[in-house]
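*Asks:* attaching a predicted model along with its sequence, questions to come.
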Amino acid sequence: MSSSIPKKPRRAIVFLSSFIGTALEQYDFLLYGTAAALVFNKLFFPTLDPLTGALAAIATYATGYVGRPLGSILCGYLGDRYGRKSILLATLIVMGVASTLIGLLPTYASAGIWAPTLLCLLRLIQGIALGGEQGGAILIAVENAPKAKRGLFGSWSSSGGMAGLVLSTLALSLTAKLPEADFLSWGWRLPFLFSMVLVVIGVIARTRLPESHEFEAAKQAGTVSKTPLRTLVRDHKKQILLASIARAGEIAWPINVLVFTTAYAVSQLKIGKPMILNAILIGACISMFGNTFFAALSDRIGYRRMYIIGSLCAAACVWPYFALINTAQPLLVGLAVAIALGVIHPMMYGPQGALFAGLFGTRVRYSGVGIAHQIGALVGGGITPVLSSLLLARSGGSPWMVAL
């Protein structure tokens with residue numbers, strides 16, 4: 001066996017593989033969230049009153065977060081045992097197929113209870129795919145990064161996630177301009193069907209990606225773990241807990257903006273769908289650069305310090321954010337959404353990849369980062385919009401209990 005250490009791949013290849021692959025998977029996953037807030041309650045839960053229907057649609061959105069820990073466990077084991085690259089290709093393909101099938105689903109009017117049942121099943125599959133994707137996409141960048149730029153490299157996956165948000169929001173913004181009847185009949189399906197085209201692009205990018213530099217070095221040294229999950233649970237309980245808590249706090253912020261604020265602004269404040277979607281689009285565009293900026297800053301001041309600063313800023317801005325939303329003034333609502341997504345969130349999301357990767361060794365890193373990532377996402381992202389909707393209903397339509 002050769003003892004030479006494998007060379008690191010070119011930066012452009014690592015960037016494209018981490019950024020584009022994550023962008024396409026997040027496009028598919030986040031597209032569902034926006035559609036749940038705007039259309040699924042009418043097509044898949046039409047027998048319920050508008051508020052209850054919106055709650056049911058958002059609950060199916062949370063199903064994806066149930067699947068994410070399952071995906072992180074399965075793909076984490078395989079990624080730590082056999083390598084990162086093949087797992088990342090598989091998750092991309094599975095996500096694309098599930099999203100395309102959502103675009104082909106019959107509605108409740110034609111299939112009855114089978115329509116929401118199949119919708120939940122496909123959403124679960126989406127969650128499994130994304131659960132396996134996120135940890136691997138972070139590692140493929142961080143493990144190929146110079147030591148002084150791990151924050152910057154790790155942010156490419158985060159920025160790709162926001163690019164996916166831009167794509168999904170733009171797709172629904174364009175189709176939402178159709179007459180209401182056309183949008184509900186066939187317009188909402190087009191962004192989901194477009195997923196398969198994007199998957200082909202992602203697969204081409206990832207086939208050019210070499211295996212992770214650090215995993216190949218571990219493989220040559222014979223230090224790859226045969227039981228990564230057992231090793232992780234036995235030796236890294238504290239790291240899993242810390243990363244999960246940090247992830248829950250981070251993801252609750254944008255999910256409340258994307259899911260709860262969209263539903264609240266459209267159904268309660270009667271603000272037009274295109275205006276809200278455009279505000280999300282602007283915030284996500286700013287965030288792509290904000291992630292990179294704050295990640296590069298974290299390489300200088302420390303990943304943990306940058307993350308704490310971002311958490312404190314998010315906590316301080318909760319009340320001002322809801323105060324602006326509750327004015328029902330489109331310009332102020334749009335400003336609040338854009339700042340929340342484009343400035344506050346990147347302070348945490350940018351350095352997150354390098355921070356989490358640094359908590360785990362190469363032998364268990366895919367499992368550790370992925371599982372902690374998804375436990376936090378389940379708590380902060382899956383439960384938050386459902387809880388926010390329940391609080392909104394109990395408070396008679398006022399968002400102040402949600403702010404608390």
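*Replies:* Okay, I see it.

*Asks:* only C-alpha atoms from now on, for both contacts and neighbour counts.
*Replies:* Will do.

*Asks:* can you map out the helices along the stretch 151-300 of the chain?
*Replies:* Applying DSSP state H, counting those that start in this stretch to the stretch 151-300 of the chain gives helices spanning 180-182, 189-193, 195-207, 213-221, 228-235, 237-255, 262-267, 273-301.

*Asks:* got it, and the stretch 1-150 of the chain?
*Replies:* Under DSSP H, counting those that start in this stretch, the stretch 1-150 of the chain gives helices at 11-35, 41-44, 50-82, 85-103, 108-111, 114-142, 150-175.

*Asks:* which helices and strands sit right next to the fourth one?
*Replies:* This points to helix 85-103. helix 11-35, helix 50-82, helix 114-142, helix 189-193, helix 195-207 (3 or more C-alpha pairs under 8 Å, 6 or more residues apart in numbering; DSSP states H and E).

*Asks:* pull out the buried positions in that helix.
*Replies:* By 16 or more other C-alpha atoms under 10 Å, the buried positions in helix 85-103 come out as 85, 87-89, 91-103.

*Asks:* circling back to that earlier point, the helices of the stretch 1-150 of the chain into JSON lines, with extra columns for distance to Ser298?
*Replies:* Converted to JSON lines, the helices of the stretch 1-150 of the chain look like this (distance: least, C-alpha to C-alpha, whole Å):
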{"stretch": "helix 11-35", "distance to Ser298": "19"}
{"stretch": "helix 41-44", "distance to Ser298": "41"}
{"stretch": "helix 50-82", "distance to Ser298": "26"}
{"stretch": "helix 85-103", "distance to Ser298": "26"}
{"stretch": "helix 108-111", "distance to Ser298": "49"}
{"stretch": "helix 114-142", "distance to Ser298": "14"}
{"stretch": "helix 150-175", "distance to Ser298": "6"}
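
*Asks:* looking at those helices, which is nearest to Phe194?
*Replies:* helix 85-103 (7.4 Å; C-alpha to C-alpha).

*Asks:* who's in contact with that closest one?
*Replies:* With contacts defined as C-alpha atoms under 8 Å, 6 or more residues apart in numbering, helix 85-103 is touched by 21, 24-25, 28-29, 75, 78-79, 119, 122-123, 125-126, 129-130, 132-133, 136-137, 188-196, 198-199, 202-203, 206-207, 209-212.

*Asks:* check Tyr27 and give its pLDDT.
*Replies:* Per-residue confidence at Tyr27 stands at 86 (pLDDT).

*Asks:* tell me who's in contact with it.
*Replies:* 161, 163-168.

*Asks:* what about 6 Å?
*Replies:* 164-165, 168 (C-alpha atoms under 6 Å, 6 or more residues apart in numbering).

*Asks:* where does the protein dip in pLDDT?
*Replies:* Regions of the chain meeting the criterion pLDDT under 70 cover residues 1-10, 37, 47-55, 57-58, 382, 385-386, 388-404.
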